[in-house]
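Trainee: structure here, sequence nowhere to be found:
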């Protein structure tokens, strides 16, 4: 007899779907998915069957498709099917056959769900699948998230069969005399999951015959630990992450006090693409290497003097942009430079993003560029010259911002203005100035 009550109880306890839901059931024809649709039917749910033919096993694949079609007719439910050229996808995308099949089926399931108005996609994973997933993750290396196994619900993907193990499903097949298809590839140990199922797990069951129940209890503990960690990470982000424009700043003092440091730091920065090696290197550099930069796919982590700066990688700006006498607006990276010429000796005050200079001292064309090693200027209000690199250090300009700051360069090579910071004393407006040029910068990202 089918365990309909236990099936419905599991669905309700995990809030997978309700009687008003329209469910798309993924069915391969194997015993797990076939038992799932018989349970859905017996429980009175509204569902349709979706079957993927990956065309990898010749006539066997065709027979699986025909079986699933007949099953849908027997249960009087809608049937959706598709045939994939899986090997072409493998060749075109240079991925494994398993990865290709996974990508193709989930994309198609979601397409069918949207087009036919299904609420969720039901997958027939059971307790043994969850065990195999954990063991695979442990073999390859995992964090806490890899220990929770297969979740009953992940977005619109639901797994209502996780209350059963493989032996229980097989017993139901025999007791109720349900017909199903056996996938010949399930007996091949060339796949890691099959090797675990056929060779490793039987040995573990010799040590613990009640392995599935033990793992079910472990899974619950792992999921609770994951929730606890997620809550702690949320609290720490609220406390430690300081938004600064499109950057995140975290005080090094706070990072050094994290405990356990590696676990918390990895989870805090995980969304920025870090891996275990990067976290180890970052921890080693906290007290020793200010200015060090760590890069992930999309982000840069800069170890500044007193803080860790997390910022998106920026598109490289042009090395140099020419400014002609008649130009009024110049774009440079994330900045816009506006140029105004005036016949009166105006002096811009209290605006670090604008400067007035003596127009008669300018030699066109001017140049807009980033700083270079060896650059020097004569800071406004000071005597003598100063290296731009030393000026940046004095101003505590973060390493990653130095290369973005535009410098306005005169036709004779002299620095007129370090944009947004300091002008050169040689070009200042004096009592003898007859007309001025005003440069004003706008940071388009602020």
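Mentor: Thanks, I have it. Predicted, not measured: the structure shown is a model, and the values here were computed from it.

Trainee: going forward, measure contacts and count neighbours with C-alpha atoms only.
Mentor: OK.

Trainee: what does the helix or strand of the chain with the lowest mean pLDDT contact?
Mentor: Among the helical and strand segments of the chain, the one scoring lowest on mean pLDDT, DSSP states H and E is helix 399-402, with a mean of 74. In this structure, residues lying in contact with helix 399-402 by CA atoms under 8 Å, 6 or more residues apart in numbering are 291, 302, 304, 371, 392.

Trainee: burial count for the last one?
Mentor: Put plainly, it is residue 392. The tally of other residues near residue 392 (other CA atoms under 10 Å) stands at 15.

Trainee: next one: the second one
Mentor: Other residues lying near residue 302 total 22 when counted by other CA under 10 Å.

Trainee: tell me the pLDDT at the nearest residue to residue 124 once chain neighbours are set aside?
Mentor: What sits nearest to residue 124 in space, not counting adjacent residues and going by CA to CA, 6 or more residues apart in numbering, is residue 33, at 5.0 Å. Listed pLDDT for residue 33 reads 96.

Trainee: also the one 10 residues further on?
Mentor: pLDDT recorded at residue 43 is 97.

Trainee: what's the nearest residue to it once chain neighbours are set aside sitting at in phi/psi?
Mentor: Nearest residue to residue 43, sequence neighbours excluded (CA to CA, 6+ apart): residue 4, at 6.1 Å. Note on residue 4: backbone dihedrals following degrees, to the nearest 10 are phi -60, psi -40.

Trainee: any idea how far residue 35 is from residue 4?
Mentor: Applying CA to CA, to the nearest Å, the value for residue 4 to residue 35 is 11 Å.

Trainee: between those two, tell me which one has more neighbours.
Mentor: Shown here are residue 4 and residue 35; by other CA under 10 Å, residue 35 has more neighbours (24 against 16).

Trainee: what about the more buried one, which helix or strand?
Mentor: In this assignment (DSSP states H and E), residue 35 forms part of helix 31-42.

Trainee: out of the contacts of helix 399-402, flag the one nearest to residue 96.
Mentor: The closest of those to residue 96 turns out to be residue 302 (CA to CA; 36.0 Å).

Trainee: beta partners of the closest one?
Mentor: In this structure, residue 302 bridges to residue 293, residue 309 when assessed by DSSP bridges.

Trainee: quick one: pLDDT of it?
Mentor: pLDDT at residue 302 comes out at 88.

Trainee: dump the residue contacts of it.
Mentor: Per CA under 8 Å, 6+ apart, neighbours of residue 302: 291, 292, 293, 294, 308, 309, 310, 399, 400.

Trainee: give me the buried subset of those.
Mentor: 291, 292, 293, 294, 308, 309, 310, 399, 400 (16 or more other CA atoms under 10 Å).

Trainee: ok, these vs residue 240, which is closest?
Mentor: Proximity of the buried ones among the contacts of residue 302 to residue 240 was ranked by CA to CA; the top entry is residue 308 with 10.6 Å.

Trainee: residue 66 and residue 32: what is the separation?
Mentor: Residue 66 is 18 Å from residue 32, by CA to CA.

Trainee: same question for residue 377.
Mentor: Relative to residue 32, residue 377 is positioned 75 Å away (CA to CA).

Trainee: still on that earlier bit, please say which of residue 66 and residue 32 ends up with more neighbours.
Mentor: It is residue 32, of residue 66 and residue 32, that has more neighbours when counted by other CA under 10 Å, with 22 against 14.

Trainee: test my guess that that one contacts residue 125.
Mentor: Yes. With contact defined as CA atoms under 8 Å, residue 32 reaches residue 125; the gap is 7.3 Å.

Trainee: what residues are shared contacts of these two?
Mentor: With CA under 8 Å, 6+ apart, residue 32 and residue 125 have no common neighbours.

Trainee: list the contacts for the nearest residue in space to residue 223 that is not next to it in sequence?
Mentor: The spatially closest residue to residue 223, leaving aside those adjacent along the chain, is residue 148, at 5.3 Å (CA to CA, 6+ apart). Residue 148 makes contact with 134, 219, 220, 222, 223, 226, according to CA under 8 Å, 6+ apart.

Trainee: can you confirm the first one is in a helix?
Mentor: Yes. Membership of residue 134 in a helix is supported by DSSP: H, G, I helix; E, B strand; the rest coil.

Trainee: going forward, count from 638.
Mentor: Let's use 638 as the start, then, which means that last one is residue 771.

Trainee: what about it, distance to residue 782?
Mentor: From residue 771 to residue 782 the distance is 10 Å (CA to CA).

Trainee: next: residue 1047.
Mentor: To residue 782, residue 1047 is 57 Å away according to CA to CA.

Trainee: how about residue 853?
Mentor: For residue 853, the distance to residue 782 equals 16 Å [CA to CA].

Trainee: those two: who's more crowded?
Mentor: residue 853 (20 against 15).

Trainee: element containing the more buried one?
Mentor: Using DSSP H and E, residue 853 falls in helix 848-877.

Trainee: what sits up against the next helix-or-strand element following that helix?
Mentor: Using DSSP H and E, the next helix or strand after helix 848-877 towards the C-terminus is strand 879-881. Identification of contacts with strand 879-881 by CA under 8 Å, 6+ apart yields 885, 886, 887.

Trainee: which parts of the following helix or strand past strand 879-881 are buried?
Mentor: Using DSSP H and E, the helix or strand that follows strand 879-881 towards the C-terminus is strand 884-888. Neighbour counts using 16+ other CA under 10 Å place 885, 886, 887, 888 of strand 884-888 among the buried residues.

Trainee: now render those residues as CSV, adding distance to residue 845 and pLDDT.
Mentor: Below are the buried residues of strand 884-888 laid out as CSV (distance: CA to CA, whole Å; pLDDT from 0 to 100):
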residue, distance to residue 845, pLDDT
885, 48, 94
886, 49, 94
887, 47, 95
888, 48, 94
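
Trainee: right, and the residue nearest to residue 680 touches residue 676 too?
Mentor: Yes. Assessed by CA under 8 Å, residue 641 is found in contact with residue 676 at 6.2 Å.

Trainee: still on that earlier bit, give me the distance from the least confident helix or strand of the chain to the chain's centre.
Mentor: On the basis of CA atoms, centre = their mean, to the nearest Å, helix 1036-1039 sits 25 Å off its chain's mean C-alpha point.

Trainee: stretch 1039-1059 now?
Mentor: That offset, for stretch 1039-1059, works out to 37 Å (CA atoms, centre = their mean).

Trainee: give the buried residues for it.
Mentor: Burial within stretch 1039-1059, assessed by neighbour count using 16+ other CA under 10 Å, is assigned to 1039, 1041-1048, 1051-1059.

Trainee: can you tell me how far residue 684 is from residue 716?
Mentor: In this view, residue 684 and residue 716 are 10 Å apart by CA to CA.

Trainee: more neighbours, these two?
Mentor: Between residue 684 and residue 716, residue 684 has the larger neighbour count (other CA under 10 Å), namely 23 against 18.

Trainee: neighbouring strands of the strand or helix carrying that one in the sheet, and parallel or not?
Mentor: Assignment of secondary structure by DSSP H and E places residue 684 within strand 683-690. In the sheet, strand 683-690 lines up against strand 659-663 (parallel), strand 716-720 (parallel) (DSSP bridges).
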